[in-house]
Structures are given as C-alpha cells and as structure tokens.
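Enquirer: sequence first, predicted coordinates after that:
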Amino acid sequence: MAMKMDLHAIIEQMETGEQDAALAALQSYNKEMNQCFTFSSEEKQDREHLGELVLGFLNGELQPSCQLACLETVRTLTRDKLCLKPFISRSAMSTLARYAGISVASAAAAPDHSKPMHGEAEGEGGATEGESGESAKEASRPSENADQEVIVEALKSLCNILLHNETGQVVAADLQLIKGVSERLKQCHDSPWNQEVRFFDLRLTFLLTALRVDVRAQLAQELHGISLLGNQMDATLGLCWPNTLETARPGFEGVPPEELPPFSRDQTELAMEILKILFNITFDTTRRKVDEEEAAECRHLGAILRHCLMSRADGEERTEEFHGHTVNLLGNLPLPCLDVLLLPKVQQGSIEYMGVNMDAVNTLLGFMEKKLDRGHKLKETLLPSLNLLTESSRIHRETRKFLRSKVLPPLRDVKNRPEVGSAVRNKLVRLMTHIDTDVKNCAAEFLFVLCKESVSRFIKYTGYGNAAGLLVARGLLSGGRDAGIYSEDEDSETEEYKEAKAQINPITGVVEEEQPNPMEGMTEEQKEYEAMKLLNMFDKLSRSVKEHTLQSRS
C-alpha cells in the first residue's frame, strides 16, 4: 500500500511540470525500483500514466540530470511487458531513438502501426496530435547528446520494448533503427563510445535481427552486415593481419595460440554479441549460392573465427561459451570457405598432418569431445561442432584423414563391441542408438563420412546392428558406397583384425564365443515344428512389409 501511495505522490510531482520537483520524485522512484523486475497488476494504470508523463517531459527541453532520471524510469517501466502501451507508439519510440542517438530522418514518413489500436486515442504517449507530429520531426534529427549514460538508458529501454512487444518490433523496423545503430557500429576503430554504449548497440542489433526477418535481410544485404560486423570483431579483439587471411595480435606475431594472453571480459562480452548477430544474418548462407564478394567476406570472417577458436577468454567457463558461439557461426559459413581453418603455416608446436596445420581442426575435435562427455542437451550443445566436423571432412581430404586417424584408428580391439569402451569411436557408436533422431543421425553421418561413405568400412567400425539405421535410410543395406567424392586410399588393417576377420560377427562387430547348437537334443518332430514356426514368422513379416509398401504408395 505504501508503494502505491508513493507512486501517486510521484505522479502528482510530475503533473506540476516543474523539472526540479520531477527530478527529485523520479530519483527517489528509480532508487527504490532499480532491482524490481516483477510488478503488481493493481498499479498498472498508475505506471502507464507515469510513463506518459515521463515521455511528455522527454519531448521538452530538459537539463541533463532530468533527462537521465526520466530515461532510468522508462527503463524500469519497460521491464513490465503488460505496461508497454505508452512506449510502443511511433512518437514514443522516435523519442527514445533520438536520445539513443540512432534516429534516422528517412523513417519520419512511415506509418504508425500503433495508432489507433484496440481503442487507443490519437496522440497517445503523453502528447497531443500536434505534439506527436512535432516530436516525430524532432526525432528525425541525429542526436548530438554526448552524455553516454543517457544513450545507454535509452538503448536499454528500446531493448526491453523489443524483447516484450511485437508492435514495438514493427515500429522499430519502420523507424529504421537498424540503420541508425549501423552508422554508429561503423565507428569501431578509435571508437569514442564506452563499453556500455557499444554493448547495448550490439544487443539492440541482436534483438532486431533475431525478431525481424526483414531487418535481418536488410543488415545482411543493404548494410553489408558481414563486412560491418567483421570489422567490429576485428577492432574489438585488436587483431592485425600479417598476411591475407592470417590473423595475429600486435606484438604477438608468430606466438603459438596457447601462449597468447586471454581476451579481457569486456572484449569477450562484445565479441559474443557480434557472433550472435552474425549467426542471425548468415543463417541461410549454407543453403544458397553466394557471389564472389560475399564469399570473400565469409572467408575473411572465417579467418577471424579461427583466431577466436584458438584463443582463450577470462576463465574456462567463459572460454567454452565463447568457443560455442564461434562454432555455431562457423557452421553457417559456405562450405568452400572452411578452408581458412587450414591455411596458417605450420609453426613450431603446431599439429601437422599431410603438411597442413591442423590446430583448428584438433581444437574443434576437443570441443566436440567435451560436449560429448558432458552428455547434457546433446542436440543443442554437441550437434553444431559434430556437423561442422562432418562437413569439413566431406569437403577437405586432409581434414577427413586427420580426423579418421583420431576417431577411427586402425582397428585392433575385436573382442569388445564397438559401443563398449571410452574411446571417441565407442562414444559416437553409442549415440547411433540415441533416442533423439537428430543426435543419432548426426553421429552416424560423421562416422560414415570418415569411412568415405563405404558401407563395408562403416560396418567394420560400428557393427551391422548399429549401422542399419543409416544404411536403411540411404538405401544401402545391400552394400556399396554412397555418392560422395573421395580419394582411393587403402583401408589399412592391423594384424589383429586380419587374424580375427573370419570369426567377426558382422551384426555386433566383434568375435563372439562359440554358441551351443540350439537344436541339439531335439527330436526330429521338434526340429520340424521349430522350422515351421520360423517359416510362418518369415511369411507374416513378408506380408506385413508388402502391405506397408502398398499403403505408402497409395
């Protein structure tokens, strides 16, 4: 009840129109509500009224301290998804965009999707129709406000609106906020903006691209988002380029990746936001042809991502999160661009295979194994890295042969089933019977590609029982090889495998102890009965398959 009385008192102070009285009231409210994220429904109308009054103040001439107090109040009020009515009008969002420094003049003529709606009055948001037009005109001018605290509060408010309200998302797209924020993102080298402004610029961009398909396409194509955000990442991480598509850090050229200092918390925080935005705008690049310019941008980005993959953040948990976003984005790049993972020269301490630097591929394998061992939410955590390794193996011979040497080394253990054991192969074979179809198929596909899509080799390493699911799906139960293009290298067999090959059960993939004859001790009549029983079972199965086939065709 006391809180309600306080809110009424604050509204009364705001209604006087005096800045000093409003400032004192809002500062008191902001201090009390700073950590409030849940709101009572009883005060909904009062909060909406307070929002209208605050927006009215923001459309006038205010001293800097009052600007900040008003925007802090807006930020608090926009946390309540049921109380956003005052803030989703074109007028209100134009005002917030102006204070955030991202308003765009060309957006002024677009329609207001929030008026009238569900009986809302014209000129909502604490302004009359005339005032609303004036504020839209004023909002079209770029902000000259140098107070970065004010900019941050306005950006936070816009982020809250986008997160909670679809109408706000439509208005943000119409106001071309993505253009305004992109202009500021271009100032990435020698940026005058502090960490918070840069972070919330990126968070706003992430929300716009995550929630609006049209904005996603606009940033990717019209605003050259891959290049823009690649430059942003370059500047954030402080990279230099000794050669084309070869990254380093100034003062650490030629230093092995494991000896590089970790990125700071601020660097990693910004970098992960950039990675998430890039993921949004590159989501379809693997599904379509890219032109020469876009392919060059993707390869440049791939070189930066390789550096991210080989670098550490501040702490193991943050490093894993950073690498997770990096792997997700690598999976979106066009397959031919993944050769950048193999381009750096082999240096002292590098992992070399067939004359190629395999540091990045080995790191990817280690990342995948870590997710595999954890076994938590495999579809979300394991599949991005497993898919990436599969596609890299399919397109790059050196990558495939290196991974095969690690995952499917020459087979020596013929006594234990393929799914039994702690080797990577054993863990992946176990996944081939996982309850989740996507996980099961992805694990099988990876091993199948490492076997050059050879059915006999696949069965050799996994057992026919485990392999059957993929082989049925591919129509390869009768053997042979799928349509992949692979070099003709020999499948070396160990002496242990050669000696036991004839005794290996192809279903289980191991040498099994000789089983007693199940018909031993039976009379001829019993044998005949069991034979007829088996024959009837085969007949029933055959008819069932035929019926299923006819039904599927009809």
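Expert: Alright, I've got the coordinates.

Enquirer: can you tell me how far residue 159 is from residue 181?
Expert: Separation of residue 159 from residue 181 (Cβ to Cβ, to the nearest Å): 11 Å. All C-beta atoms are positioned from the backbone trio N, CA, C, and that covers glycine.

Enquirer: which residues do the two both contact?
Expert: Common contacts of residue 159 and residue 181, defined by Cβ atoms under 8 Å, 6 or more residues apart in numbering, comprise residue 204.

Enquirer: between those two, who's got more neighbours?
Expert: Counting neighbours by other Cβ atoms under 10 Å for residue 159 and for residue 181 shows that residue 181 has the greater number, 24 against 19.

Enquirer: wait, is that one part of a strand?
Expert: No: applying DSSP: H, G, I helix; E, B strand; the rest coil, one finds residue 181 to be helix, outside a strand.

Enquirer: now for it: which residues touch it?
Expert: By Cβ under 8 Å, 6+ apart, the contact list for residue 181 reads 102, 201, 204-205, 208.

Enquirer: mind listing the strands for this protein?
Expert: 240-243, 246-248, 352-353, 356-357, 504-505, 510-511 (DSSP state E).

Enquirer: from the chain's centre, how far out does the first one sit?
Expert: In this case it means strand 240-243. Its chain's C-alpha centre and that of strand 240-243 lie 28 Å apart, by Cα atoms, centre = their mean, to the nearest Å.

Enquirer: elements contacting it?
Expert: strand 246-248 (3 or more Cβ pairs under 8 Å, 6 or more residues apart in numbering; DSSP states H and E).

Enquirer: tabulate the strands of the chain (JSON lines), appending mean pLDDT and distance to residue 363.
Expert: Shown next, in JSON lines, are the strands of the chain (pLDDT from 0 to 100; distance: least, Cβ to Cβ, whole Å):
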{"stretch": "strand 240-243", "mean pLDDT": "92", "distance to residue 363": "20"}
{"stretch": "strand 246-248", "mean pLDDT": "93", "distance to residue 363": "15"}
{"stretch": "strand 352-353", "mean pLDDT": "95", "distance to residue 363": "14"}
{"stretch": "strand 356-357", "mean pLDDT": "94", "distance to residue 363": "11"}
{"stretch": "strand 504-505", "mean pLDDT": "54", "distance to residue 363": "35"}
{"stretch": "strand 510-511", "mean pLDDT": "52", "distance to residue 363": "33"}
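
Enquirer: among these, which comes closest to residue 35?
Expert: Nearest of the strands of the chain to residue 35, taken as Cβ to Cβ: strand 246-248 at 41.1 Å.

Enquirer: skip the chain neighbours and tell me the closest residue to residue 264.
Expert: Of all residues not flanking residue 264 in the chain, residue 314 sits nearest, at 6.4 Å (Cβ to Cβ, 6 or more residues apart in numbering).

Enquirer: next one, pLDDT for the nearest residue to residue 231 once chain neighbours are set aside please.
Expert: Among residues not flanking residue 231 along the chain, residue 188 sits closest, at 5.6 Å (Cβ to Cβ, 6+ apart). Reading off the confidence values, residue 188 has pLDDT 84.

Enquirer: pull the number of nearby residues for residue 188.
Expert: Neighbours of residue 188 using other Cβ under 10 Å come to 19.

Enquirer: same check, this time on residue 330
Expert: Residue 330 has 28 nearby residues by other Cβ under 10 Å.

Enquirer: list the contacts for it?
Expert: Residue 330 touches 302, 305, 309, 338, 341, 388, counting by Cβ under 8 Å, 6+ apart.

Enquirer: could you measure from it over to residue 266?
Expert: Applying Cβ to Cβ, the value for residue 330 to residue 266 is 24 Å.

Enquirer: residue 327 too?
Expert: Relative to residue 266, residue 327 is positioned 22 Å away (Cβ to Cβ).

Enquirer: neighbour count winner among the two?
Expert: Set residue 327 next to residue 266 and count neighbours by other Cβ under 10 Å: residue 327 wins out with 25 against 14.

Enquirer: tell me the contacts of residue 445?
Expert: Residue 445 touches 390, 470, counting by Cβ under 8 Å, 6+ apart.

Enquirer: one more time with 10 Å
Expert: 386-387, 390-391, 394, 432, 453, 470, 473-474 (Cβ atoms under 10 Å, 6 or more residues apart in numbering).

Enquirer: thinking again about what came up before, which one of the strands of the chain lies closest to residue 462?
Expert: Across these, closest to residue 462 is strand 510-511 (Cβ to Cβ), at 11.4 Å.

Enquirer: of the contacts of residue 445 - the most surrounded one?
Expert: Using other Cβ under 10 Å as the neighbour test, the contacts of residue 445 are led by residue 432, with 26 neighbours.

Enquirer: and for residue 10, the neighbour number?
Expert: 23.

Enquirer: what do you get for residue 403?
Expert: Other residues near residue 403 come to 26 when the count uses other Cβ under 10 Å.

Enquirer: ok, for it, nearest residue in space, not its chain neighbours?
Expert: Here the residue nearest residue 403, using Cβ to Cβ, 6+ apart, is residue 393, at 5.5 Å.

Enquirer: distance of that neighbour relative to residue 204?
Expert: From residue 393 over to residue 204 the distance is 38 Å, taken as Cβ to Cβ.

Enquirer: do the same with residue 87
Expert: In this view, residue 87 and residue 204 are 15 Å apart by Cβ to Cβ.

Enquirer: same check, this time on residue 191
Expert: Distance from residue 191 to residue 204, by Cβ to Cβ: 16 Å.

Enquirer: do a quick rundown of the helices in the stretch 1-150 of the chain.
Expert: Secondary structure of the stretch 1-150 of the chain (DSSP state H, counting those that start in this stretch): helices located at 2-15, 19-33, 44-58, 64-77, 90-100, 129-139, 148-164.

Enquirer: any low-confidence regions in the stretch 51-200 of the chain?
Expert: 105-146 (pLDDT under 70).

Enquirer: sweet, I'm off.
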